[in-house]
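**Student:** Got a sequence here, can you build the structure:
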Amino acid sequence: MTTPPRYDDLPRPADDPTGLPLSWGVWGPGDQVGTLNRITDATVAAAREEIRDGRRFNLNLPLDEPFGLALDGAHRRRAAPHPVMVAEEHPGRVTRDDRLDGFWLQASTQWDGLSHFADPTHGFYNHAPLSSIVHGADSRNGIDKALAHGIAGRCVLADLARHFARTGRDWGAMGGRRATAEDLAACLAAQGVALRPGDILLVRTGWLAAFRAAPDAAARHLLIQGEGGARDYSGLDGNEPMWRFLWDAGIAAVAADNPTVEAWPIFPWKPALHLAIARLGLCLGEFFDLEALAADSAASGRFTAFFTAAPLNLRGGIGSPGNALAIR
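**Tutor:** Below is the predicted model:
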């Protein structure tokens, strides 16, 4: 694979209301996985050095968290699934089976597929028309394409919550506070870790810790809805300097412990990491459980690990549970 251009060398279409670049065609006209192309055989093979004693860290919330632990209607449509157990008992054979009713694939730890967010002017990533976003074998940009490529390699944890607490920065899970590209770089530098092309960046904002510390369902509901329904999550700044930082660092995917990765709300025609799904092919993951991994990092001083995730093989899937694991 040829080296992708620097961010400032990406084309910017004329008469585009955002003025932002497009990475379409960087990995070929038929590409459907975007920044996951940064994951190569070489980056995965090099990441095996991160496995030293075989300790495993589950990065996935239970499927009923967070929405099942809040009041009804925490999200305008998504909700926790309802498990149904089916029992069969016959002479000499006793079995159980189960299914999930109302299973929203992005209602807990999850990946956003490149078919999740379109650019309002140009459409979905890499010239995929709206009509191509369907379920089935003929779909474009589905989560099955991410699975086929593979999400694995070195992950780097940026523990913003601990970094800001240590440096005295005003920070909280809500309030729409923004961690800039400079903040992110300073956090990584303080942790003594540098990014490499193909890395999966894990960002701990402290949202999940706040959610779990909330005393009851009503308080947890507020951490999803925000005061007056504002949904003002703190997170990464989605403005263009962050696009440039992530692109030029060669990040393959960004996953965070909060509902949206970036600070929320976002606004039409303005830069946002969700808009970068369409324009850069950026792979985003949300609601990742980074608490045990971060505690281990704080104790050991190690902020890297081997990472692997297997999205569901749903043809044309818009998103998927994270199915992610970190190994040290």
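**Student:** excluding its backbone neighbours, what's nearest the residue nearest the centre of the chain?
**Tutor:** Centre of the chain computed as the mean C-alpha position; nearest residue by CA atoms, centre = their mean is residue 285, 1.2 Å away. Ranked by CB to CB, 6 or more residues apart in numbering and with sequence neighbours excluded, the top spatial neighbour of residue 285 is residue 255, at 3.0 Å. Placement of C-beta: from N, CA and C, glycine included.
**Student:** What of residue 191?
**Tutor:** Here the residue nearest residue 191, using CB to CB, 6+ apart, is residue 303, at 4.7 Å.
**Student:** residues in contact with the one you found?
**Tutor:** 156-159, 188, 191-193, 297 (CB atoms under 8 Å, 6 or more residues apart in numbering).
**Student:** ok, now with 6 Å
**Tutor:** 157, 191, 193, 297 (CB atoms under 6 Å, 6 or more residues apart in numbering).
**Student:** which other residues reach the helix or strand in which the last one is found?
**Tutor:** It refers to residue 297. Per DSSP states H and E: residue 297 is located in helix 291-300. For helix 291-300, contacts defined as CB under 6 Å, 6+ apart pick out 57, 157, 159, 204, 303, 326.
**Student:** ok, now stretch 126-146?
**Tutor:** Outside stretch 126-146, the residues that reach it (CB under 6 Å, 6+ apart) are 24, 31-33, 36, 113-115, 123-125, 311, 313, 315-317, 320.
**Student:** Please repeat the previous calculation with a cut-off of 8 Å.
**Tutor:** In contact with stretch 126-146 (CB under 8 Å, 6+ apart) are residues 24-25, 29-34, 36, 105, 111, 113-115, 118, 123-125, 281, 283, 311-320.
**Student:** List only those of the residues you listed flagged as buried.
**Tutor:** The neighbour-count test (16 or more other CB atoms under 10 Å) marks 24, 31-34, 36, 105, 111, 113-115, 118, 123-125, 281, 283, 311, 314, 316-320 as buried among those.
**Student:** Of those, which belong to strands?
**Tutor:** Those of the buried ones among the contacts of stretch 126-146 mapping onto strands are 111, 283, 319-320, per DSSP state E.
**Student:** For the residue nearest to the centre of the chain, list each beta-bridge partner.
**Tutor:** Residue 285 has these beta-bridge partners by DSSP bridges: residue 111, residue 255.
**Student:** I'd guessed it sits against residue 322; true?
**Tutor:** Yes. Using CB atoms under 8 Å, residue 285 is in contact with residue 322, at 5.8 Å.
**Student:** Could you tell me which residues touch both of these two?
**Tutor:** Joint contacts of residue 285 and residue 322 (CB under 8 Å, 6+ apart) are 109-111, 255, 309.
**Student:** Most neighbours among those, which one is it?
**Tutor:** Using other CB atoms under 10 Å as the neighbour criterion, residue 111 leads these with 30 neighbours.
**Student:** My guess is that residue contacts residue 283. True?
**Tutor:** Yes. Assessed by CB under 8 Å, residue 111 is found in contact with residue 283 at 7.0 Å.
**Student:** Make TSV out of the contacts of helix 291-300 and add distance to residue 169 and secondary structure.
**Tutor:** Listed next are the contacts of helix 291-300 as TSV, based on distance: CB to CB, whole Å; DSSP: H, G, I helix; E, B strand; the rest coil:
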residue	distance to residue 169	secondary structure
57	26	strand
157	18	strand
159	13	strand
204	14	strand
303	18	coil
326	26	strand
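**Student:** Buried only: go through those residues for me.
**Tutor:** So, by 16+ other CB under 10 Å, the buried ones in these are 57, 157, 159, 204, 303, 326.
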